[in-house]
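> Build me a model:
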Amino acid sequence: MATSEPGTRVSLSDRELQIIDLVATGLTNQEIAVKLEISKRTVDNHISNILTKTKTDNRVALVRWALEWGKVCLDNVNCCSFPMRNDESMS
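So this is what the prediction gives:
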């Protein structure tokens with residue numbers, strides 16, 4: 001399974017991030033197409049581009065990559081909020 005090398009930044013568009021999020025929820029390409037009101041072929045192309053950019057081999061590897069890089073939040077996994085610094089006020 002290929003993954004992006006540690007420390008390597010990957011530039012993804014807002015639409016690509018949206019599609020990764022929908023893949024992570026378990027939707028098929030057809031379901032993503034309906035939800036986003038685009039063609040399935042467009043979704044196929046987006047996913048192909050995303051797999052290339054992230055150097056992942058399949059949807060499972062993509063979701064794993066997205067979790068590792070903090071691109072998605074699933075069932076409160078990878079959804080931590082950062083603690084406030086001492087010099088930040090609550091107001």
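> As a check, name the ranges of all helices in the chain.
14-24, 29-36, 40-54, 59-68 (DSSP state H).
> now those in a markdown table, with mean pLDDT and distance to Leu74?
Glycine gets a C-beta too; all of them are placed from N, C-alpha and C. Output for the helices of the chain, formatted as a markdown table (pLDDT from 0 to 100; distance: least, Cβ to Cβ, whole Å):
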| stretch | mean pLDDT | distance to Leu74 |
| --- | --- | --- |
| helix 14-24 | 96 | 6 |
| helix 29-36 | 98 | 16 |
| helix 40-54 | 97 | 17 |
| helix 59-68 | 94 | 7 |
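> Now mean neighbour count and distance to Asp75 too, for the ones you listed, in a markdown table please.
Listed next are the helices of the chain as a markdown table, based on neighbours: other Cβ atoms under 10 Å; distance: least, Cβ to Cβ, whole Å:
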| stretch | mean neighbour count | distance to Asp75 |
| --- | --- | --- |
| helix 14-24 | 17 | 10 |
| helix 29-36 | 16 | 19 |
| helix 40-54 | 16 | 22 |
| helix 59-68 | 17 | 11 |
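> which residue packs closest to the residue nearest the centre of the chain, ignoring adjacent ones?
Relative to the mean C-alpha position of the chain, the nearest C-alpha, by Cα atoms, centre = their mean, is the one of Ile20, at 3.6 Å. In this structure, Ile20 finds its nearest non-sequential neighbour in Ala66, 5.1 Å apart by Cβ to Cβ, 6 or more residues apart in numbering.
> Could you pull up the residues touching that neighbour?
20-21, 24, 54, 72 (Cβ atoms under 8 Å, 6 or more residues apart in numbering).
> what do you get for Val72?
Contacts of Val72 by Cβ under 8 Å, 6+ apart are 20-21, 24, 63, 66, 78.
> Which of the residues you listed sits closest to Asn49?
Minimum distance to Asn49 across the contacts of Val72 is 11.2 Å, recorded for Ile20 (Cβ to Cβ).
> Surely the closest one touches Leu51?
No - assessed by Cβ atoms under 8 Å, Ile20 is found out of contact with Leu51, at 10.3 Å.
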